[in-house]
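**Q** return atomic coordinates for the entry below.
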Amino acid sequence: MGSPEVAHSRTNRSRRKWWIGGALFLILFFLLLTWTFQNSEPEFNGRPLSAWAADLNRTNVVVRQAATAAFGAMGTNAVPFLISMLREQDSRAEQWLMRQPRYLPAKAHAWLVKRSTARQARRASAALALSVTAKQTTAGLPALIRALSDPDLEVAATAGQTLARMGRPAVPDLALVLRVTNQLASARIAALTALVHIGREAGPATPELTSLLSDPDSRTTQLAIEALSRIGRPAVPSLALALRSANLQVRTNALLALAHAGSAAAEAIPQMLQMVSTDDQKALVLSVVANVLPMSQPARVALAEALQDQPTDVRLIAVQGLGRAGKDAAAVLPKLIDVLARDPEEKVRGYAALALAACGERGFPARTALSNALRDDSEFVRTSARYALNKIPESP
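**A** A predicted model of the protein is given here:
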């Protein structure tokens, strides 16, 4: 016979098992009861709203169009239930049980996992369905912002797409997501993507976007640059200020954003040139000016001044940029003529002739210099000069 201590230990283990078993039974009963109540939902044309929401993700175009039409007909009436769907999460008890499969029969554990997966799909469907009414109401805004931090990346991405469709009203909340330093990386990416799609109306988020130009994550900085460039002119003052940063990464990313902003960035050209401290940086800045902003007056001044620089690549970028300025390059005609006659590099002389050709009738004063260039040692210069003479009238 065993000792009393062993018998007592066995009794305690037996009781503990009964307690755990009873607790698990009560938890499962509560979950089943909750699931039963959650299955009671509004219907439209005889179908539950969750079924219509799921149809928005179908591959069949006709099915998706029918679901979109259904939510269009329901309008804002569907929003409260969709918000409740979007907020559905696994309870702490469910999360614990899914992490502790040894305490459950295999079928019970599989049922919990299946139910969790179904919830994720419902949240994604709800976020997508809310996009149909995004222009009509912002009632779903708080729930969608919370959904950016959803553990399921599809839910977070879909919430971001719906917020983008909502447009300007969503911008302050999206900016707040970027401002929170302990925010999930996936939430920040989803918020940035939404701001990129919102475009120019995302202007109020410019300070938060500019602060991310120094972020160590390349995907984050790439999206911040794209969002700032799409905002355009309203973002230029902040980007011009960022060009003065002591952080090289910030200066470079600000320059890239200005490059993508197009003609709206012309007013920042002086600040672009001030950030130059090496020939390589000057070549980079002038490439932006020459390729994106050649027709603005500040760009022409900057490019004309660079024609006298020592590095050949800088002079070449400058003269090619003036060629892209078209007839506006006539404003610096004397400098182009001087380059054609005196520059030691044949490529620079040849592109100077092509820049003069782009001036059209305004390039008439350059005809003498172009005629002299027909005797240049370089075939490229001679061909370019001949082309320019054909483009410039013989009389003013």
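
**Q** who's in contact with Ala257?
**A** 213, 224-225, 228-229, 235, 239 (CB atoms under 8 Å, 6 or more residues apart in numbering). Using the backbone N, CA and C atoms, a C-beta is placed for each residue, glycine as well.

**Q** again, 7 Å this time
**A** Counting by CB atoms under 7 Å, 6 or more residues apart in numbering, Ala257 touches 225, 228-229, 239.

**Q** ditto for Val62
**A** Contacts for Val62 (CB under 7 Å, 6+ apart) come out as none.

**Q** and the pLDDT for the residue nearest to Ser378 when sequence neighbours are not counted?
**A** Nearest non-adjacent residue to Ser378, counting by CB to CB, 6 or more residues apart in numbering: Glu346, 3.7 Å away. As predicted, Glu346 sits at a pLDDT of 95.

**Q** pretty sure Glu346 contacts Val381?
**A** Yes: contact criterion CB atoms under 7 Å: Glu346 and Val381 qualify, at 5.6 Å.

**Q** out of these two, which sits in the more crowded spot?
**A** Between Glu346 and Val381, counted using other CB atoms under 10 Å, Val381 has the larger neighbour count: 24 against 16.

**Q** pull out the buried residues from the host helix or strand of the more buried one.
**A** Element membership for Val381 (DSSP states H and E) is helix 379-391. Of the residues in helix 379-391, 381-382, 384-389, 391 count as buried by neighbour count, 16 or more other CB atoms under 10 Å.

**Q** same check, this time on stretch 180-194
**A** Going by 16+ other CB under 10 Å, stretch 180-194 has these buried residues: 186-194.

**Q** distance from that stretch to the middle of the chain?
**A** 11 Å (CA atoms, centre = their mean, to the nearest Å).

**Q** looking at it now, give me its mean pLDDT.
**A** In the prediction, stretch 180-194 has an average pLDDT of 87.

**Q** average pLDDT for stretch 76-84?
**A** Stretch 76-84 shows a mean pLDDT of 91.

**Q** Leu223 and Val196 touch, don't they?
**A** Yes: counting by CB under 7 Å, Leu223 does reach Val196; the two are 6.0 Å apart.

**Q** picking that back up, most neighbours, which of the contacts of Ala257?
**A** Counting neighbours by other CB under 10 Å, Leu228 comes out on top of the contacts of Ala257 with 32 neighbours.

**Q** residue boundaries of the helices in the stretch 201-350 of the chain?
**A** 206-211, 218-231, 236-242, 248-261, 269-274, 279-292, 297-306, 312-324, 333-342, 346-358 (DSSP state H, counting those that start in this stretch).

**Q** quick check: which of these is nearest to Gly72?
**A** helix 218-231 (28.3 Å; CB to CB).

**Q** quick one: residues contacting the residue nearest to Ala306 when sequence neighbours are not counted.
**A** Excluding its sequence neighbours, the residue lying closest to Ala306 (CB to CB, 6+ apart) is Ala318, at 3.8 Å. Shown in contact with Ala318 (CB under 7 Å, 6+ apart): 286, 290, 303, 306-307.

**Q** what stretches of the stretch 101-250 of the chain score poorly on pLDDT?
**A** 103 (pLDDT under 70).

**Q** swap in 80 and give it another go.
**A** Within the stretch 101-250 of the chain, the segments meeting pLDDT under 80 span 101-105, 107-109, 111-112, 181-183, 243-244.

**Q** residue closest to the middle of this protein?
**A** Note on the chain: the residue nearest the mean C-alpha position is Leu223, at 3.4 Å, using CA atoms, centre = their mean.

**Q** what about that residue, distance to Leu213?
**A** Distance, Leu223 to Leu213, by CB to CB, to the nearest Å: 11 Å.

**Q** quickly list what's touching both of these two.
**A** Joint contacts of Leu223 and Leu213 (CB under 7 Å, 6+ apart) do not exist.

**Q** and the contacts of stretch 159-166?
**A** By CB under 7 Å, 6+ apart, stretch 159-166 touches 127-128, 130-131, 134, 138, 141, 144, 147-148, 150, 170, 174, 190-191, 193-194, 197-198.

**Q** can we see that at 6 Å?
**A** By CB atoms under 6 Å, 6 or more residues apart in numbering, the surrounding residues in contact with stretch 159-166 are 127, 130-131, 134, 144, 147-148, 170, 190, 193-194, 197-198.
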